[in-house]
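> coordinates for the following, if possible.
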Amino acid sequence: MKKSLLFLFVASAVFALNQDTSVQSIPTTTVEGDVPASFEVAANDREPARSSSPIGSSDLESALAMAKSGRYVEASNRLFTLSYSPRFQDKRMQIKYVLGLTLQKMNLPQLAAFQYMTVVKDGNSHYANQALEKLSQVADRLNDDSLLNYAYSKIKIDNFPRTQRDRLFLRIGEFERRHGQFSQAASTFGHVGPGPYYSASKYQEGLAYAEANQPDRAANVFDQLIEARRNAPPNDSIRASGYMGKARSLYQKKDWDGALAAYREVPKDTWPWHDTLFESSWAMLRSGRFRSALSNFHSLHSAFYENTYLPESLILRSIVYLYICKYDETEKVLNLFSRMYKPAYQKLDDMLRNNGNKAGDYFGVLQRILTDYRKDPEMTLSRQYAIPFVVANRVSHEADFQRSYVYVKMLMQEKAQMDKLPASWRGSPIGQYARKVIDTRLAKARQHAGRQIHSHLITIHNELLDLLEQEGFIRYEIINGRKEELKKRIAGKELPAAQIDADNERDYYVQNGFEYWPFRGEYWLDELGNYHYVGTQSCH
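Next up, the predicted model:
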């Protein structure tokens, strides 16, 4: 019985999504030492419409009492108005700080962040350090890189509460790693001790060492992560990610055997397993294990992964067949590649030509595909979109786009939360201010996500173009190889027919505890990863 399954795999860079510390993410915007331009509305703090009623000191006491007693809707409205009153200029930072706390309690983190930023920017206020601490917490929740960059550019670690320093080290390390400071990032991650941030920090420490071209140190760090998770369930995704990182580090230092051993430790029922099939195939090819590589490809190219973007795996499989002179098999794989990816390349080429740099269009198309897929996966697979589904599926799992997309959804949730508030609040100065801020942030976030999509589409377009050229070279080599065979036949040196040492291979597997079943065209989920190619090479 043939089955199909869309395998939605997540890039290893998104490992931190498995941690409580990195549940949400947003687009990267480098900001150092100043208020981001995207926060212009909040930073300028334009004065709201003035109330006709006079404002006295009792009003401030009343507003603070409202906030303290949990009457957040009333308090936020009143505090916002008071923050612009000339009579309370000397208390403005206190009011802004309390307003931020109030908005945070109302589950409006983006709006709260703007209040904290005003206090932090002032710098001289008694509330600046407290606001900075709260800003870092809100930025951490949103995973807003622009907020994080701004907050951490102001932080002095020694002044930060000791109980929150692990989170601070994690975020500073991420900032350093994003900006290419890999060795410094690894050192920063290393300061995180046992606790809720340890696994995420250890994983990124290993990545940082690998990016700094120190694979031995990277493998050692991943071993520490694996050891820390030794009591976790067998299918623990964090430990699986540790094995994946270790395998990649060993591959980086060309330790093929060590890499393959680490890849084999990744359980089949964890998200990295699918990636291990392809990546370990490269290690097998580099170490001359052609049959093992072909065994992996049989699983990779099963019907279960027919909607997964894997063009390079088809080219690699055809190269392995070419190495062992299986020209008919090489041609079959190339025909499959051509059938799947030439139309995708053409559609992608047309969209990039017609849309240019219209970021909003790219985001709109991908968002529609993701929405349709959640509603009806089968119908979505049969529809025609401007971005081919197999490509959209790939882009939607890129780490940077995932952060941006999650952030867009968070802003939409905040907007929905505002819509639930009383009409009197929505029509008040703070309500009008809040709507403008969130709408502006949404527009900018969608544009940013669209630019990320555009960038990934260009990368995929260029990658497909390169692979299509490789396909042409391989087809030439097929012709050349067959020509050489024909020359030998004409010279009286006919090659023997290709042989399959089925009996020996069957005995080998049976002796090692395997049951041998010939493949008859049906794929079963529990058989993936257990296929064994038993053919011999045909080169003479």
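
> return stretch 274-291 as PDB; C-alpha atoms alone will do.
The C-alpha coordinates for stretch 274-291 follow below in PDB (Å, rounded to 0.1, in the frame of the first residue of the first chain):
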ATOM      1  CA  HIS A 274      15.100  13.100   7.900                       C
ATOM      2  CA  ASP A 275      18.100  15.400   7.600                       C
ATOM      3  CA  THR A 276      20.400  12.700   8.700                       C
ATOM      4  CA  LEU A 277      19.500  10.600   5.700                       C
ATOM      5  CA  PHE A 278      20.700  13.200   3.300                       C
ATOM      6  CA  GLU A 279      23.700  14.500   5.200                       C
ATOM      7  CA  SER A 280      25.000  11.000   6.100                       C
ATOM      8  CA  SER A 281      24.700  10.100   2.400                       C
ATOM      9  CA  TRP A 282      27.300  12.800   1.700                       C
ATOM     10  CA  ALA A 283      29.600  11.200   4.300                       C
ATOM     11  CA  MET A 284      29.000   7.800   2.700                       C
ATOM     12  CA  LEU A 285      29.900   9.100  -0.700                       C
ATOM     13  CA  ARG A 286      33.000  10.900   0.600                       C
ATOM     14  CA  SER A 287      34.200   7.600   2.200                       C
ATOM     15  CA  GLY A 288      33.400   5.500  -0.900                       C
ATOM     16  CA  ARG A 289      30.300   3.700   0.600                       C
ATOM     17  CA  PHE A 290      28.200   3.900  -2.600                       C
ATOM     18  CA  ARG A 291      25.700   1.100  -1.700                       C
END
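
> could I get the average pLDDT for that stretch?
Stretch 274-291 comes out with an average pLDDT of 85.

> that one: how far from the chain's middle?
24 Å (Cα atoms, centre = their mean, to the nearest Å).

> list the buried residues for that stretch?
Within stretch 274-291, the residues scored as buried using 16 or more other Cβ atoms under 10 Å are 274-285, 287, 289-291. To be clear about C-beta, it is placed using only N, CA and C from the backbone, and glycine gets the same treatment.

> helices - which of those residues land there?
Using DSSP state H, 274-285, 290-291 are the members of those that sit in helices.

> in CSV, list the residues you listed along with distance to residue 187.
Shown next, in CSV, are these (distance: Cβ to Cβ, whole Å):
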residue, distance to residue 187
274, 33
275, 28
276, 29
277, 34
278, 32
279, 28
280, 31
281, 35
282, 31
283, 30
284, 35
285, 36
290, 42
291, 44
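
> which one of those is nearest residue 403?
residue 275 (19.7 Å; Cβ to Cβ).

> got the phi and psi for the residue nearest to residue 396 when sequence neighbours are not counted?
Residue nearest to residue 396 in three dimensions, not counting chain neighbours: residue 370, with 6.0 Å by Cβ to Cβ, 6 or more residues apart in numbering. Backbone torsions of residue 370, given as degrees, to the nearest 10, read phi -60, psi -40.

> per-residue confidence at residue 370?
As predicted, residue 370 sits at a pLDDT of 92.

> repeat for residue 140
Residue 140 carries a pLDDT score of 76 in this model.

> mind listing the strands for the stretch 251-400 of the chain?
For the stretch 251-400 of the chain, no strands are identified by DSSP state E, counting those that start in this stretch.

> break down it into its helices, ranges please.
256-264, 273-286, 290-300, 311-323, 327-355, 359-375, 377-382, 389-395, 399-419 (DSSP state H, counting those that start in this stretch).

> let me have the ones you listed in JSON lines, extended by distance to residue 121.
Below are the helices of the stretch 251-400 of the chain laid out as JSON lines (distance: least, Cβ to Cβ, whole Å):
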{"stretch": "helix 256-264", "distance to residue 121": "48"}
{"stretch": "helix 273-286", "distance to residue 121": "44"}
{"stretch": "helix 290-300", "distance to residue 121": "52"}
{"stretch": "helix 311-323", "distance to residue 121": "48"}
{"stretch": "helix 327-355", "distance to residue 121": "38"}
{"stretch": "helix 359-375", "distance to residue 121": "29"}
{"stretch": "helix 377-382", "distance to residue 121": "46"}
{"stretch": "helix 389-395", "distance to residue 121": "36"}
{"stretch": "helix 399-419", "distance to residue 121": "22"}
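
> gap between the most centrally placed residue in the chain and residue 360?
In the chain, the centroid-proximal residue (Cα atoms, centre = their mean) is residue 399; its distance is 1.9 Å. Distance, residue 399 to residue 360, by Cβ to Cβ, to the nearest Å: 22 Å.

> residue 61 too?
47 Å.

> hang on, the earlier thing: residues in contact with the residue nearest to residue 396?
With contacts defined as Cβ atoms under 8 Å, 6 or more residues apart in numbering, residue 370 is in contact with 392, 396, 405.

> of all the helices of the stretch 251-400 of the chain, which one is nearest residue 69?
Checking these against residue 69 by Cβ to Cβ gives helix 399-419 as the closest, at 21.0 Å.

> name the next helix or strand following the helix or strand bottoming out on mean pLDDT in the chain along the chain.
Within the chain, no helix or strand scores below helix 40-44, which has a mean of 38 by mean pLDDT, DSSP states H and E. Scanning forward in sequence from helix 40-44 by DSSP states H and E, the next helix or strand is helix 57-68.

> just list what that next one packs against, helices and strands only.
helix 72-82, helix 92-105 (3 or more Cβ pairs under 8 Å, 6 or more residues apart in numbering; DSSP states H and E).

> how about these in a markdown table, adding mean pLDDT, mean neighbour count and distance to residue 267?
A markdown table is the format used below for the helices and strands packed on helix 57-68 (pLDDT from 0 to 100; neighbours: other Cβ atoms under 10 Å; distance: least, Cβ to Cβ, whole Å):
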| stretch | mean pLDDT | mean neighbour count | distance to residue 267 |
| --- | --- | --- | --- |
| helix 72-82 | 93 | 23 | 46 |
| helix 92-105 | 94 | 23 | 40 |
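
> so which of these comes closest to residue 221?
Within the helices and strands packed on helix 57-68, the stretch nearest residue 221 is helix 92-105; the backing value is 35.3 Å (Cβ to Cβ).

> and which of the buried residues of stretch 274-291 is nearest to residue 168?
residue 275 (31.3 Å).

> hang on, isn't the closest one packed against residue 243?
No - if you go by Cβ atoms under 8 Å, residue 275 and residue 243 don't touch, sitting 11.3 Å apart.

> poorly predicted segments of the stretch 1-150 of the chain, please.
Applying pLDDT under 70 to the stretch 1-150 of the chain flags residues 1-57, 145, 148.

> residue 61 and residue 360: who's more crowded?
Neighbours per residue, other Cβ atoms under 10 Å: of residue 61 and residue 360, the larger number sits with residue 360, 14 against 10.

> so who does residue 102 touch?
67, 72, 75-76, 79, 112.

> before we move on, back to that, out of the contacts of residue 370, who's nearest residue 469?
Using Cβ to Cβ, residue 392 is the member of the contacts of residue 370 that lies nearest residue 469, at 24.0 Å.

> pretty sure that closest one is touching residue 371, no?
No - using Cβ under 8 Å as the test, residue 392 is too far from residue 371 to be in contact (11.6 Å).

> which one's more surrounded, those two?
Remark: of residue 392 and residue 371, residue 392 carries more neighbours, 22 against 10, as counted by other Cβ under 10 Å.

> give me the pLDDT value at residue 410.
Residue 410 is given a pLDDT of 89.
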